[in-house]
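A.B. asks: sequence unknown, structure follows:
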């Protein structure tokens, strides 16, 4: 498995390109901004984009979905409970003083337990609401991509529309049941591990 992290945009959202090294099939996770950088990384590594996966619909994670879709014709994946947030991303961006193009409709709605296949790599969809209603994490053995559900030392905020701290607590607890050595690729900031978050994340002391 080949992974490249590109922090993009003013809010430095982590866009991940994840590929099967044999087939070169890949998915682009959370292309929030700077589509040219993302496309250059795809082309520079001779990758074939099968999916554009949105862990949630906030503008800093979906702002470049249309550009990547136009360039690759990849399938856009979103949780079925996130469509309202996704459709409101342009308005949310404007509220924050940014501008994004209208987003294309998702091609595939996923739910808890669905799988995303990249060559020989299988990612399981974990529905982890709280930061947003249809937030998802992507889990494969040894690795989880958490969007804004879990950060190194923190969790996603719940004061946006659709946020729910009780649901986020349950999602956090669920992630902490993954194997300790699972590497965590977060929506913003550095990578971490489940074991480290159990020991050092301030929410562990109240939520576990």
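C.D. replies: That came through, no problem. Fair warning: this is a prediction, and the values are worked out from it, not measured in the lab.
A.B. asks: Going along the chain, name the helices of the protein.
C.D. replies: 35-44, 59-62, 65-72, 83-87, 89-95, 165-175, 194-200, 204-207 (DSSP state H).
A.B. asks: nearest to residue 181, of those helices?
C.D. replies: Closest of these to residue 181 is helix 194-200, at 6.6 Å (criterion: Cβ to Cβ). Quick note: C-beta positions are derived from backbone N, CA and C, even for glycine.
A.B. asks: Give me the contacts around the closest one.
C.D. replies: Applying Cβ atoms under 8 Å, 6 or more residues apart in numbering, the contact partners of helix 194-200 are 144, 150, 152-153, 175-176, 178-182, 184, 204, 208.
A.B. asks: Narrow those residues to those in strands?
C.D. replies: Using DSSP state E, the subset of the contacts of helix 194-200 located in strands is 144, 150, 184.
A.B. asks: Just give the number of residues close to the second one.
C.D. replies: I take that to be residue 150. Other residues lying near residue 150 total 29 when counted by other Cβ atoms under 10 Å.
A.B. asks: So for it, what's the nearest residue that isn't a sequence neighbour?
C.D. replies: Counting by Cβ to Cβ, 6 or more residues apart in numbering, residue 150 lies nearest to residue 175, which is 5.6 Å off, once chain neighbours are set aside.
A.B. asks: Would you agree residue 170 is in contact with residue 130?
C.D. replies: Yes. Using Cβ atoms under 8 Å, residue 170 makes contact with residue 130 at a distance of 7.4 Å.
A.B. asks: pLDDT wise, what is residue 160 at?
C.D. replies: pLDDT for residue 160: 94.
A.B. asks: Residue 58 is in contact with that one, correct?
C.D. replies: Yes. Using Cβ under 8 Å, residue 160 is in contact with residue 58, at 7.3 Å.
A.B. asks: circling back to that earlier point, highest mean neighbour count out of the helices of the chain?
C.D. replies: Most buried of the helices of the chain, by mean neighbour count (mean count of other Cβ atoms under 10 Å): helix 59-62, with a mean of 28.
A.B. asks: Any chance you could list what contacts it?
C.D. replies: 9, 11, 13, 30-33, 54-55, 86, 89-90, 92-93, 96, 98, 100, 103, 147-148, 187.
A.B. asks: repeat for stretch 7-22
C.D. replies: Contacts for stretch 7-22 (Cβ under 8 Å, 6+ apart): 1-6, 25-34, 37-38, 41-42, 45, 47, 60-61, 63-64, 98, 118-121, 145, 185-189.
A.B. asks: give me that answer again for 7 Å
C.D. replies: Applying Cβ atoms under 7 Å, 6 or more residues apart in numbering, the contact partners of stretch 7-22 are 1-6, 25-34, 37-38, 41-42, 47, 60-61, 63, 118-121, 145, 185-188.
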